[in-house]
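**Student:** Below are the sequence and a predicted model; questions follow.
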Amino acid sequence: MVWLDLLLNALAAGILLGGFYAAVSLGIAVAFGLLDIVNIAHPVFVMLGSYVAYGMNVRFGFDPILTGLLFTPVFYALGVLLYRVYYVSFERKGAESLRGLVFFFGVLFIVEVSLLLAFGVDYRMVEARYIGETFQIGPVGIAFRLLVPCVVGVALTGALYLFLSRTFYGRAIQAVAQDSFALRLMGANPFRVKGIAFGLAIATAALAGALLIMIGPVEPAMNREYIGRVFAVAVLGGMGSIGGTLVAAIIVGVAESLTSTFYGPSWGVAVSFGVLLLALAVRPSGLFGR
Amino acid sequence: MGARSFGVVALAIVVAGLAVTRVLDNQYYYFAGYVVLQYVVLATAWNILGGYTGYVNFGTPAFFALGAYTAVVLIQSLKAPLAIQLVAGAIISGLLGLALGYLTLRLRGVFFSIATLALAVVLQTMFINWEYTGGARGITLVRPASAPLFGNYVQFLFVVMLGLAVLAVATAWWIERSWIGRGLTAIRDNEEAAECMGVPTLRLKLVATTVSGVLMGLAGAPFPYYVTFVEPTSVFDLNYAVNSLAMPMIGGSTTWIGPVIGAVLLGTAQQIATVTISSALNLLLVGLILVAFVILAPEGIVGLVQRLARRSRV
């Protein structure tokens, strides 16, 4: 039953990968789904997170997840700053959609080329004791380098879900997504609330980046394949639904893993884009759309 | 600019280009000039869809590469001459453009842009897996040793690209002054309103995407003979997407001259920077200039000049 073993292993790997994809896509679910900010530069911030984890690991021997957690405030500040530039230059003038898109495309390019100049095109990876380990459940091998990112990714998703649904600021963010004018009538400042939300979106990239470099070696141009993936997950998940994002991430992860196993790894990337095109063409509101 | 003076200037540019090949002997200038002219074609093609219609296309590499790979297939199978490669590249990329046009029925604004990016990645994956065109390793092609009347093949390619650039700009110029251009502008300003006023939006968008695709395919078709080595990562390079969008944005995306100004300035600057500084650093500059323009001068150089002219008149 080699075929069944392969299938089971591919399924397990896909589900684990999906948990990690959720972590990468959360930022898009918040920025794009809730705030209508088309941050196509999000994956490049994830890459930035990876390189921060790499730098801290090589220089000081820090654990990647610890680095990811430590750097969330820095990324949060970066996000707030970026939103401020975006707001002043585009949103306030009502020119956000197309010019804003071009703006983020430029940001993507700048960060990617900067990483390229700083670290070169070579693949980089981190070291930690647990990364190489695996254990078996029957015929299925579970690798720690996939299990840890999945667990952390799911935890991050849960934390964000609780924050958005239970806390005052979380509800304010949901409110600004529904009707920012009404929010202003209630005496809250939409600009500030959106700044916090966008900061949070970028902050998730610090941790997601640490997970990314744990799964495998990274190089600066890798962010591009993630653009399609994260938007596929966000659109399929129903734009801003955090639970939907997790489900969609697992669907994409499993689809990719199955294709890689049975057709070859080079087709893996095309799957997410195929899912995206399909989702956009057939059901743009996603599985759990409002 | 009137039709006659436009024709005269276009003819003068082609004649000047031909004259240069009789005088100038340094091959580097033809290699560099070819790239700049290629960007004139790509930027103008992008602008017909992005600037006039307002649909931002991140998929320039897909159209460019499709033109290039069509040429590769023709060279591999038939040793077809350049003229046939150009026509075939234009047709195939034009068909992809037509398909993209139908996609605009369902996808507007941001979703359209993301779909074009997805298109480029899916096509790249296909070519990575297609062994006939060299797969991921790439394919080496032998350029003809010489061209009739020109002697040197690179000089010949330079003149071909010059002709394509003039063709592209003339197309944009014509579209801008015809009812098609006015219809496209109406779509950019408000698609629903245009539709309600009886503007045939779908047909116009199909024209824009197809023409844009044809021109990008034309820019890509001579590429295999220019580089003599084609591999997926270099023809699907994101630089084509960024440049073909940055150049009209910097020059000014509402008129035909904007992309030309942007492509000549930015293209030349990049060629100089690649030689004198480094190729990675010059890409960083492109990104910074693009962001600066989109924040500070969204109307581009043409818009800046117009604003200054208006102010001095008052």
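**Tutor:** Here it is on my side, so go on. Residues are numbered from 1 along each chain as shown, chains lettered A, B, ... in the order given.
**Student:** hey, let's count contacts and neighbours off CA atoms from now on
**Tutor:** Will do.
**Student:** Tell me how many other residues crowd the residue in the stretch 201-314 of chain B positioned nearest to chain A.
**Tutor:** Relative to chain A, the nearest point of the stretch 201-314 of chain B is B:Gly287 (5.1 Å; C-alpha to the nearest C-alpha). As a burial measure, B:Gly287 scores 26 neighbours (other C-alpha atoms under 10 Å in any protein chain shown).
**Student:** In this structure it contacts A:Phe104, no?
**Tutor:** No. Using C-alpha atoms under 8 Å, B:Gly287 is not in contact with A:Phe104, being 10.2 Å away.
**Student:** before we move on, back to that, give the helix, strand or coil label for the residue of the stretch 201-314 of chain B closest to chain A.
**Tutor:** helix (DSSP: H, G, I helix; E, B strand; the rest coil).
**Student:** May I have the residues that are in contact with it?
**Tutor:** If you count contacts by C-alpha atoms under 8 Å, 6 or more residues apart in numbering or on different chains, B:Gly287 has them with A:106-107, A:109-110, B:242.
**Student:** And B:Pro200, by the same measure?
**Tutor:** B:Pro200 is in contact with B:Gly183, counting by C-alpha under 8 Å, 6+ apart.
**Student:** Angles on the backbone of it, please.
**Tutor:** B:Pro200 has phi and psi values of phi -70, psi 80 when expressed as degrees, to the nearest 10.
**Student:** For the stretch 1-150 of chain A, which segments are assigned as strands?
**Tutor:** A:134-137, A:140-143 (DSSP state E, counting those that start in this stretch).
**Student:** Could you dump those strands into JSON lines and include mean neighbour count and distance to B:Ala90?
**Tutor:** Listed next are the strands of the stretch 1-150 of chain A as JSON lines, based on neighbours: other C-alpha atoms under 10 Å in any protein chain shown; distance: least, C-alpha to C-alpha, whole Å:
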{"stretch": "strand A:134-137", "mean neighbour count": "10", "distance to B:Ala90": "52"}
{"stretch": "strand A:140-143", "mean neighbour count": "17", "distance to B:Ala90": "49"}
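**Student:** How about stretch A:238-257 and chain B, any contact?
**Tutor:** No. Judged by C-alpha under 8 Å from any C-alpha of the partner chain, stretch A:238-257 and chain B are separated, with a smallest distance of 12.1 Å.
**Student:** So what touches that stretch?
**Tutor:** Applying C-alpha under 8 Å, 6+ apart, the contact partners of stretch A:238-257 are A:10-11, A:13-22, A:25-26, A:29-30, A:32-34, A:154, A:157, A:160-161, A:229, A:232-234, A:236-237, A:268-269, A:271-272, A:275, A:285-290.
**Student:** count of residues packed around B:Leu202?
**Tutor:** For B:Leu202, using other C-alpha under 10 Å, the count is 15.
**Student:** what's the answer for A:Asp36, then?
**Tutor:** A:Asp36 has 17 neighbours, counted by other C-alpha under 10 Å.
**Student:** Kindly report the same for B:Tyr34.
**Tutor:** When neighbours are defined as other C-alpha under 10 Å, B:Tyr34 has 22 of them.
**Student:** Since that was my last question, I'll sign off now.
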